[in-house]
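Asks: Attaching a predicted model along with its sequence, questions to come.
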Amino acid sequence: MSRIPAINPDQATGQAAKLLQGVESKLGFAPNIMRTMANSPAVLQGYLDFSQALSKGNLSAKLREQVALAVSEVNDCQYCLAAHSAIGRSVGLSEEAIGDSRRGESPDPKEATVLAFVRKIVENRGWVSDEDVAKLRKVGFSHGDVVELIANASLTVFTNYFNHVAETEVDFPTASNLEARS
């Protein structure tokens, strides 16, 4: 059971109702994470605005989902792993790519560099080395791209922590158990 209740969109009022109606019209439903954020319309609005802004950046939808999967695996967020596995499939990630992303791996050197970087951000609470940033630059990422990677990782950390505290009920197909590569 959730620690913080999800707001029923049919019973929401004011700004929460408006925001949840917008989510439902865009996604076809209001996921529990957003219904729970609606307890504070300011938080839901901030989350939606930040997500929307990042969707207009340089990083592809696939890469943003790979980042979310890598970060959510480090933070063991079952809600986000389920959600981003489903969203990842919808933007063209294969099951193998989803598993690889969760492990911080990819056969593509550029993706592998990104996934190692964002995992390091989370594991080291933002502290990375000059060499870590140089590796991103070497595989073709601009300073702006690096800033977007930090922002995408940070947004995912927020949702991971939000779900940990709220104990948000998972309303996406459960993510599979991650098997180590042999």
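Replies: Structure received.
Asks: my guess is Arg119 meets Val67, correct?
Replies: No. Arg119 lies out of contact with Val67 (CB atoms under 8 Å); the separation is 9.6 Å. C-beta: built from backbone N, CA, C; applies to glycine.
Asks: Pick out whichever of the two has more residues nearby.
Replies: Remark: of Arg119 and Val67, Val67 carries more neighbours, 28 against 19, as counted by other CB atoms under 10 Å.
Asks: May I see the domains of the protein written out as residue ranges?
Replies: 14-55, 61-166 (automatic domain parsing).
Asks: tell me which strands and helices the longest helix along the chain is in contact with?
Replies: When the chain is scanned for its longest helix (criterion: DSSP state H), the result is helix 143-166. In this structure, helix 143-166 packs against helix 32-37, helix 41-55, helix 61-74, helix 78-90, helix 109-123, helix 130-138, with contacts taken as 3 or more CB pairs under 8 Å, 6 or more residues apart in numbering; DSSP states H and E.
Asks: Please repeat the previous calculation with a cut-off of 6 Å.
Replies: helix 41-55, helix 61-74, helix 78-90 (3 or more CB pairs under 6 Å, 6 or more residues apart in numbering; DSSP states H and E).
Asks: list the buried ones in it?
Replies: 145-146, 148-149, 151-157, 159-160, 162-164, 166 (16 or more other CB atoms under 10 Å).
Asks: Tell me which residues are up against stretch 160-177.
Replies: 2-4, 31-33, 36, 72, 75, 77, 79-83, 85-86 (CB atoms under 6 Å, 6 or more residues apart in numbering).
Asks: Quick check on those: which are buried?
Replies: Applying 16+ other CB under 10 Å to those, the neighbour count classes 31-33, 36, 72, 75, 77, 79-83, 85 as buried.
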